[in-house]
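J.: sharing a model that was predicted from the sequence below.
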Amino acid sequence: MLNFIWVFCMLLGIVFALITGEMAAVSDGILSAGKDAVNLALTMAGVVATWSGIMKIAEKGGMISVLSDKLYPLLHILFPAISKKSKAMQYISANFIANFLGLGWAATPAGILAMKELQKYNTKKDTASNAICMFMIVNMSSLQLVTINIIAYRQQYGSANPGEIIGPGIVATLISTLIGVLAGKLLERWWKH
């Protein structure tokens, strides 16, 4: 469905450009956007490599394990049915820590593995469990201390102060996470009744 929407929007833009005589602007936009995409991809590849490496060092050095233990009381509230020693809880912890540090790219593999493990606990395989829904809520709202990806984008596009987004980023992601968790817990309680 999403592919259909993108194709429809592109074709609509091209038809509109033909009707209004602005096809040259479309051609220029395609060429400059391609160049910008390659530059951005190279910049982000460096950021991803650096922070994924730092995350791997933290994992091998035991920092992720220590942080997971510290996070468990909070995670137990969010995922009461998942045991502390399970692989699912390890992957959830790694995902949350990576997201908290603004490393969305490093969080993705742990998130995928967490979902696979959570599905093993799911008794209704064709319906998302409460744990899966809560994981998606917290993962998508993504409470972040430092929004590395946004800082990298701002730096790439010439921001005078790329780091000024840190404070508003913390506030916005904290609010979205709290509201998401509250809504998830309310729906979980409502669904039981």
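T.: It's in. Numbers count the residues shown, from 1 in each chain.

J.: where do the helices sit along the chain?
T.: Counting by DSSP state H, residue ranges of the helices within the chain are 2-20, 23-60, 63-78, 87-100, 104-121, 130-141, 148-156, 166-192.

J.: pick the most buried one from these.
T.: Mean neighbour counts were taken over these using mean count of other C-beta atoms under 10 Å, and the top value, a mean of 22, falls to helix 87-100. Bear in mind the C-beta positions are built from the backbone N, C-alpha and C, glycine included.

J.: residues contacting it, please?
T.: 55, 58-59, 64, 67-68, 71-72, 75, 79, 82-83, 104, 106-107, 110-111, 113-114, 117-118, 120-121, 131, 135, 138-139, 142-145 (C-beta atoms under 8 Å, 6 or more residues apart in numbering).

J.: got any ranges where this structure has weak pLDDT?
T.: 105, 146, 193 (pLDDT under 70).

J.: most distant residue from the middle of it?
T.: residue 21 (40.0 Å; C-alpha atoms, centre = their mean).

J.: for the residue lying closest to residue 104 once chain neighbours are set aside, what are its contacts?
T.: Excluding the flanking residues, the one nearest residue 104 by C-beta to C-beta, 6 or more residues apart in numbering is residue 149, at 5.9 Å. Counting by C-beta under 8 Å, 6+ apart, residue 149 makes contact with 44, 47, 102, 104-105.

J.: TSV for those, including distance to residue 94?
T.: TSV is the format used below for the contacts of residue 149 (distance: C-beta to C-beta, whole Å):
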residue	distance to residue 94
44	21
47	19
102	15
104	13
105	13
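
J.: what separation do you get for the residue nearest the centre of the chain and residue 4?
T.: With distances taken as C-alpha atoms, centre = their mean, residue 104 lies nearest the centre of the chain, 4.8 Å away. Shown here: residue 104 relative to residue 4, a distance of 27 Å by C-beta to C-beta, to the nearest Å.

J.: what lies in contact with stretch 46-64?
T.: So stretch 46-64 is contacted by 93-94, 97-98, 101-103, 105-106, 148-149, 152 (C-beta under 8 Å, 6+ apart).

J.: between the residues you listed, which is nearest residue 169?
T.: Taking C-beta to C-beta as the measure, residue 169 lies nearest residue 102 of the contacts of stretch 46-64, at 8.0 Å.

J.: can you tell me the closest non-neighbouring residue to the closest one?
T.: residue 148 (3.8 Å).

J.: ok, that neighbour - contacts?
T.: 47, 51, 101-103.

J.: which one is residue 55 nearest to, not counting chain neighbours?
T.: Spatial nearest neighbour of residue 55, chain neighbours left out: residue 106 (4.3 Å); criterion: C-beta to C-beta, 6+ apart.
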